[in-house]
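J.: predicted model, plus sequence, below.
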Amino acid sequence: MGSYSQVEHTRIEDIGFRIYTEDEIRHISLVEVTNDESFNELGHIIPSGLYDLRMGPVPGRTKDICQTCGKTNLRCQGHCGHIELPLPVYNPFFYNVLNKTLRGICCNCHRIQVRAHHVLLLKYQMQLLDAGYGYEALELENILSRSISSPMEATEVAVGIDDKELSQKDAGIVADLMNLKKTLSKYCDKVIRGGTCSPETSTSIIKNLETEVVKSFIKKCYYSDKKRCIFCHQSIVRLTLQNSRFIRSGVNKKEKDKDKDKDKDKDGQTEEVEAEREEREEEGGKWRREI
């Protein structure tokens, strides 16, 4: 007698989770919630509200029937709805991810604190890992080390901004990056389209490699030991996450003094305005008494 352990396709080896995209949410949604009221004065459910019957009956109301599947609250499993938000809202489940991302970005020039060749390495490594090539993705690090004889300088290369022409130094950096991009792209195309290598069958290995690659990239972005941005050379402003709020910290004394001076100027202007108003009121009172 056979058993399920002998059947290859009945064993679950790996499982992964992800969130729905905007298009997927709209596709599976049966109603768009546009009304902030749920019940009217008679206790009836308001259409397009949070308890719209197209999403299923309300628990405790045995007479209500689902308008989608036609079942009662004991049989209906519920259906999805969605709310169109006027502005982008960050998912609170990913505050830690956002915190890690902001730790590696300059608040002045809004650039990630990592050199350009590391960004190219991450891009093509993730491209190979998505296709299932783990060993080949790690091999890109060796290709990068061979392609770059000396570390690239972290300078701001601005093309077409304020009509500034590139210096010879910046032009050389751009040329090196373009050559590196061609080398990495050619290698990825050879692996994926050429079929010279077989992809990894275990998704758990690929997921672990993706996690390690991303962690390595994030560590390069952190500026815990850096006091200034590697691009604009401005002082680093740190953000701390407290009670689901990002609080600015590490402000320089000069900035604090400037803020204090601004406050003093505002206070001085308000005091002068109040003094002038009091003088006018006194003059008006004297004028009335003389009349």
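T.: That came in fine, so what should we check first?
J.: can you map out the helices along the stretch 101-250 of the chain?
T.: 116-131, 134-147, 168-192, 203-221 (DSSP state H, counting those that start in this stretch).
J.: for the chain, give me the ranges with low pLDDT.
T.: For the chain, residues meeting the criterion pLDDT under 70 lie at 1-10, 13-14, 149-170, 195-202, 223-226, 250-291.
J.: 50 - rerun?
T.: Scanning the chain with the threshold set as pLDDT under 50 gives 1, 151-164, 259, 266, 286-291.
J.: ok so, going back, what's the most buried one of the helices of the stretch 101-250 of the chain?
T.: The highest mean neighbour count among these, using mean count of other CB atoms under 10 Å, belongs to helix 116-131: a mean of 19. C-beta: built from backbone N, CA, C; applies to glycine.
J.: can you list contacts of that one?
T.: With contacts defined as CB atoms under 8 Å, 6 or more residues apart in numbering, helix 116-131 is touched by 112, 134, 136-138, 140-141, 144, 148, 152, 173, 177, 180-181, 184-185, 187-188, 191-192, 199, 206, 209-210, 213-214, 217, 220.
J.: now do it against helix 203-221: the angle between them, please.
T.: Helix 116-131 runs at 170 degrees relative to helix 203-221, counting by axes from the mean of the first three to the mean of the last three CA atoms, to 10 degrees.
J.: tell me how many other residues surround Asp23.
T.: Using other CB atoms under 10 Å, Asp23 has 8 other residues around it.
J.: do you know how far it is from Lys123?
T.: Going from Asp23 to Lys123 by CB to CB, to the nearest Å gives 24 Å.
J.: now swap in Glu41 and tell me
T.: Distance from Glu41 to Lys123, by CB to CB: 58 Å.
J.: tell me the domain boundaries of this structure?
T.: Following automatic domain parsing, one gets these domains for the chain: 13-89, 114-221.
J.: dump those domains to CSV, plus distance to Ser235.
T.: Formatted as CSV, the domains of the chain follow (distance: least, CB to CB, whole Å):
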stretch, distance to Ser235
domain 13-89, 29
domain 114-221, 16
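J.: Asn243: which of those domains is closest?
T.: domain 13-89 (17.4 Å; CB to CB).
J.: can you tell me how far Cys76 is from Arg54?
T.: From Cys76 to Arg54 the distance is 11 Å (CB to CB).
J.: find residues that contact each of the two.
T.: Joint contacts of Cys76 and Arg54 (CB under 8 Å, 6+ apart) are 66, 68.
J.: follow-up on the earlier one: any chance of the helices of the stretch 101-250 of the chain in TSV, plus distance to Asn108?
T.: Converted to TSV, the helices of the stretch 101-250 of the chain look like this (distance: least, CB to CB, whole Å):
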stretch	distance to Asn108
helix 116-131	19
helix 134-147	29
helix 168-192	20
helix 203-221	16
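J.: for these, which one sits closest to Val31?
T.: With CB to CB, the closest approach to Val31 among these belongs to helix 116-131: 34.4 Å.
J.: ok so, going back, how about the domains of the chain, which one is nearest Leu241?
T.: domain 114-221 (15.4 Å).
J.: how many neighbours does the closest residue to Tyr90 other than its chain neighbours have?
T.: Nearest in space to Tyr90, with sequence neighbours left out and distances taken as CB to CB, 6 or more residues apart in numbering, is Leu98 at 6.0 Å. Leu98 sits with 15 neighbouring residues when counted by other CB under 10 Å.
J.: Leu98 touches Val89, doesn't it?
T.: No: Leu98 lies out of contact with Val89 (CB atoms under 8 Å); the separation is 11.9 Å.
J.: circling back to that earlier point, would you say the residue nearest to Tyr90 is within a strand?
T.: No: under DSSP: H, G, I helix; E, B strand; the rest coil, Leu98 falls outside any strand and is assigned helix.
J.: chain neighbours aside, what residue packs nearest to Leu144?
T.: Leu121 (5.4 Å).
J.: now do Leu177
T.: Using CB to CB, 6+ apart, the nearest residue to Leu177 is Ala116, at 5.4 Å.
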